[in-house]
Structure formats: C-alpha cells, structure tokens
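Peer 1: take this sequence and fold it.
(one chain, ligands or ions: 1)
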Amino acid sequence: MSEWCDVCGGESWITRIIDDEVVPYRCSCFKRRLTLAFLGPELAKAPNRRSHLYCPQIDPQTGDMVGDLTLDNLFITGCWAEAAQHLRWAVGAKNYDDPSFTFKMVPDEMLLRVFLGDFSYKSRSVKVRDDIETYNNLSDLVGGHSLLIVRLGKLGHTNRAAGNVLLEALNLRGAQSLPTWLIEEGAVHFGPDHKFYNDEVGRYIQDNFETIDVGGDVEAERQLAVQLAELRLESASMSTEETDPAPVEESRDRFRADEKRAGYNRPRQWRGSRPRKSGKLSGVGL
Ligand SMILES: [Zn+2]
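Peer 2: Numbering: from 1, shown residues only. The predicted structure is shown next:
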C-alpha cells in the first residue's frame, strides 16, 4: 500500500482540466516512490546531498565528459553513514540522467554465501524458490548491473576461500568491463586481518581501483561495531548450544559457526552440491 499523499490521496494520479478536457497526470509522489524503490531501503534512508562521485561536466580543455565516477572502479573509505549519502546521490542522479543505469549493492558476506551455494535454486525449498531471488553462481550475482557495490564491512572469522571469492567477483566484473565500488566501512579495515583479504586481491585492488575517502567519524563507527559484535556474542551464548557439524571442509565449518553466533536461522540442511571447492576458482580471468 502506497504512502498517503496530500496531492493525490495515494492514487498516484492527478487530473487537470485543459481546454475542457480532463487530462490525467502522474503525481510527483509516484516518481518519488520509484526513486526510493530504486535506491533500496539502505540508501533511501540516507540524507540526500550532492556528491563529487557523480558530477558530470564537460572538460573545457579537452571537450570530454568528466566527473562520472560510476564508470570507474573505486575503493571508498570512511564511515558508512557518509558513504551512504554519496552513494545515494551518485546512483540516484545517474539513474535520473540515464534510466538504463542499474546497480546492485551486496555485503561481502553474500559473495561467499552465493559461492557456497546458499542462494542457488536447488537450495531453496520448493515453497519459496520461485518467490525469492536466486543466484546459482557468483556470475549471477555480480554480473549484469551497470555498477556493483560491495560493502566490505562485516566482522567475522577468516575464511580461506573469501579472498579468492572476492577476487573472482572483481574479475567477473572486469571481464565484462563493468565497474565495481568497494566500500571499506570505517568499522573494519580492509587489510590482512579482514576476512576477505588476501595478498592477491589486495594487489588487484591496488592496481585497478582508485581510493576515495569520504571521511566521517571512523573511530565512533568502529566502537559501535565492536559493541554490536559483543552484544551478538552475548546473545548467542545465551541461546541454545550449537552442535558440532560433521567434519567437512574447515572454511565452511567456520563460516557456519560464525553465522550461528551471528544469530542466523538455518532452515535447511547442507546438501553437498556446492558448485566448486574453495580455493579452486574457474571463473573468467583466473
Ligand atoms: Zn501523490
């Protein structure tokens, strides 16, 4: 049900009388709702402000169009609260100028879960498999959209596959000549201690991404993240005891254990139909 609008009463249409004819028009609230739906809940709630990440203009010297960074690979550092405002402007304004522009924003965790097969069609129960988004492999998730935004913000255990999964995602984008923005949220530095870091992906990012700092109170965000993580651990230790899974691959176990602690429900059993083994990637460019 759409929100109430004083102009159209929630009908999305208004009428005007022109030359004795009643002419229907889309109410401005309709466009607003479309924009908010395009942005998604995370960006829609960020304050709207101008950002240099999307400020296209003609360079008077060369006559080239400059200032549209949605075409480039960016490694964005700073607070999420700040980054969200920049992202909102960038993807919203870009879509306004170019309606064919689309973006997808995913947490780093999701790359790994799709890689592990959690979002594949076969992994879904018959009841829900046609009602929710399905990604049978990493390419399904990261391909296609004009811009992929990956939030590198999750705390968690090291997972041997994670760095390679991120690298494969970036390679898939690169092979399609499509840009990616990586968001290093202030709470977690993307370095050797980060779950999705390894030397190879670190080098790739250094060679192929431009770093942009959007600032903000990084220290406050870091402290908040630590507090949240502690809260999560506390509530997990109060919940029912977890049982040890069968001795399968170490990285997967750790991932599952981490998820349990984080309070995810796991409604289904592992089916053992994972597309690939960790560490062995067959994606484009590898
Ligand atoms: Zn309206």
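
Peer 1: test my guess that Asn137 contacts Arg113.
Peer 2: No. Asn137 is beyond contact range of Arg113, at 12.0 Å (criterion: C-beta atoms under 8 Å). (Glycine included, C-beta is placed from N, CA and C.)

Peer 1: show me what from this protein comes close to the ion.
Peer 2: Neighbours of the ion within the chain, by C-beta under 5 Å from the ion: Cys5, Val7, Cys8, Cys27, Cys29.

Peer 1: neighbours around the closest residue to the first one other than its chain neighbours, how many?
Peer 2: Nearest in space to Cys5, with sequence neighbours left out and distances taken as C-beta to C-beta, 6 or more residues apart in numbering, is Cys29 at 4.1 Å. Cys29 sits with 19 neighbouring residues when counted by other C-beta atoms under 10 Å.

Peer 1: which SSE is Cys29 in?
Peer 2: With elements delineated by DSSP states H and E, Cys29 resides in helix 28-44, which encompasses its position.

Peer 1: helices or strands next to that helix in the packing?
Peer 2: Using 3 or more C-beta pairs under 8 Å, 6 or more residues apart in numbering; DSSP states H and E as the contact criterion, the neighbours of helix 28-44 among helices and strands are helix 80-97, strand 103-107.

Peer 1: in that helix, which residues are buried?
Peer 2: Neighbour counts using 16 or more other C-beta atoms under 10 Å place Cys29, Phe30, Phe38, Leu39, Leu43 of helix 28-44 among the buried residues.

Peer 1: what sits against Leu87?
Peer 2: Listed by C-beta atoms under 8 Å, 6 or more residues apart in numbering, the contact set of Leu87 reads Leu43, Ala46, Leu53, Met105, Ile149, Trp181, Ile183.

Peer 1: what's the distance between it and the ion?
Peer 2: In this structure, Leu87 lies at 26 Å from the ion, with C-beta to the ion, to the nearest Å as the measure.

Peer 1: what's the answer for Glu184, then?
Peer 2: Relative to the ion, Glu184 is positioned 39 Å away (C-beta to the ion).

Peer 1: ok, whatever helix or strand that residue lives in: who's next to it in the sheet?
Peer 2: With elements delineated by DSSP H and E, Glu184 resides in strand 180-185, which encompasses its position. Strand 180-185 sits in its sheet next to strand 74-78 (parallel), strand 147-151 (parallel), going by DSSP bridges.

Peer 1: if we can go back for a sec, any idea which of the helices and strands packed on helix 28-44 is most buried?
Peer 2: helix 80-97 (a mean of 22; mean count of other C-beta atoms under 10 Å).

Peer 1: may I have that helix exported as PDB, CA atoms only?
Peer 2: Only the C-alpha atoms of helix 80-97 are listed here, as PDB (Å, rounded to 0.1, in the frame of the first residue of the first chain):
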ATOM      1  CA  TRP A  80      29.200   4.100   6.200                       C
ATOM      2  CA  ALA A  81      26.900   6.900   7.200                       C
ATOM      3  CA  GLU A  82      28.900   9.200   5.000                       C
ATOM      4  CA  ALA A  83      29.400   6.700   2.200                       C
ATOM      5  CA  ALA A  84      25.600   6.000   2.100                       C
ATOM      6  CA  GLN A  85      24.900   9.700   1.300                       C
ATOM      7  CA  HIS A  86      27.500   9.800  -1.500                       C
ATOM      8  CA  LEU A  87      26.100   6.500  -2.900                       C
ATOM      9  CA  ARG A  88      22.500   7.800  -2.700                       C
ATOM     10  CA  TRP A  89      23.400  10.800  -4.700                       C
ATOM     11  CA  ALA A  90      25.600   9.000  -7.200                       C
ATOM     12  CA  VAL A  91      23.300   6.200  -8.200                       C
ATOM     13  CA  GLY A  92      20.100   8.300  -7.900                       C
ATOM     14  CA  ALA A  93      21.400  11.100 -10.000                       C
ATOM     15  CA  LYS A  94      23.000   8.700 -12.500                       C
ATOM     16  CA  ASN A  95      19.700   6.900 -12.900                       C
ATOM     17  CA  TYR A  96      17.900  10.100 -13.400                       C
ATOM     18  CA  ASP A  97      20.200  11.000 -16.200                       C
END
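
Peer 1: I appreciate the help and will end here.
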